[in-house]
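Enquirer: Return atomic coordinates for the entry below.
(one chain, ligands or ions: 1)
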Amino acid sequence: MKRTAIYPGTFDPITLGHMDVIHRGLKVFDRIVIGVAENPKKCPMFDLDTRLAMVHESVADNPAVEAVAFTGLLVDLAHEHHAAALLRGLRAASDFEYEFQMATMNRHLDERIESVFVMAREDYTFVSSRFIREISEMGGDVSALVPKPVLKHL
Ligand code: PNS
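Expert: Numbering: from 1, shown residues only. The predicted structure is shown next:
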């Protein structure tokens, strides 16, 4: 039986920080299903199809990683894919409060699914999708911070 984790997020767009979390997650899990959330409340810059396409293109060379779009509850997605865990990355202490609340809420919704956190590599602690969007909108160079397939979408 393969151990599966769901790696959820908005991925607006996917960054090298996210890719680092995926690679670290694969040290612990056999299979990672990336759940790209619709998240209309966040008013993403890229529509759901484009965000999913960017993730697909970025993980295409790894058969242990899949990507799906989802609109409902994360715990339902985890069930659907027989996942034992939810995977998230932590960059700094400031991430902790939000992640703690979300993990506790997900545990309230489904006791069986564990939240597992990995620490981002130091080089990526300053990388966020929000900064990537902002810098690229202003004509700055983000080529060292996102997977290659993302560049053509920015
Ligand atoms: O990368 P993000 O934007 O921080 O990811 C947020 C995400 C997608 C993990 C969160 O919005 C989410 O889990 N959405 C699904 C809805 C849900 O299950 N909500 C209850 C859990 S708190």
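
Enquirer: list the helices and strands the helix or strand I32 falls within packs on?
Expert: Assigned by DSSP states H and E, I32 falls within strand 31-37. Other helices and strands packing on strand 31-37, by 3 or more CB pairs under 8 Å, 6 or more residues apart in numbering; DSSP states H and E, are strand 4-9, helix 16-25, helix 48-59, strand 65-70, helix 74-80. The way it works is simple: take the backbone N, C-alpha and C, and place the C-beta from them, glycine included.

Enquirer: pLDDT (mean, whole number) over it?
Expert: Mean pLDDT, strand 31-37: 98.

Enquirer: buried sites along the lengthiest helix in the chain?
Expert: Assignment by DSSP state H gives helix 93-109 as the longest helix of the chain. Buried residues in helix 93-109, counted by 16 or more other CB atoms under 10 Å: 95, 103, 106.

Enquirer: Now narrow those residues to whatever sits close to the ligand.
Expert: By CB under 6 Å from any ligand atom, the members of the buried residues of helix 93-109 lying near the ligand are N106.

Enquirer: Looking at the buried residues of helix 93-109, which one is closest to H153?
Expert: Nearest to H153 out of these is D95 (CB to CB; 25.3 Å).

Enquirer: which ones are touching that closest one?
Expert: Contacts of D95 were listed using CB atoms under 8 Å, 6 or more residues apart in numbering, and none were found.

Enquirer: Next one: it from E66, what distance?
Expert: Applying CB to CB, to the nearest Å, the value for D95 to E66 is 25 Å.

Enquirer: what's the answer for D47, then?
Expert: For D47 relative to E66 (CB to CB), the value is 20 Å.

Enquirer: Residues of the protein that sit close to the ligand?
Expert: Taking CB under 6 Å from any ligand atom as the contact definition, the chain meets the ligand at 8-10, 37, 39, 73-74, 102, 105-106.
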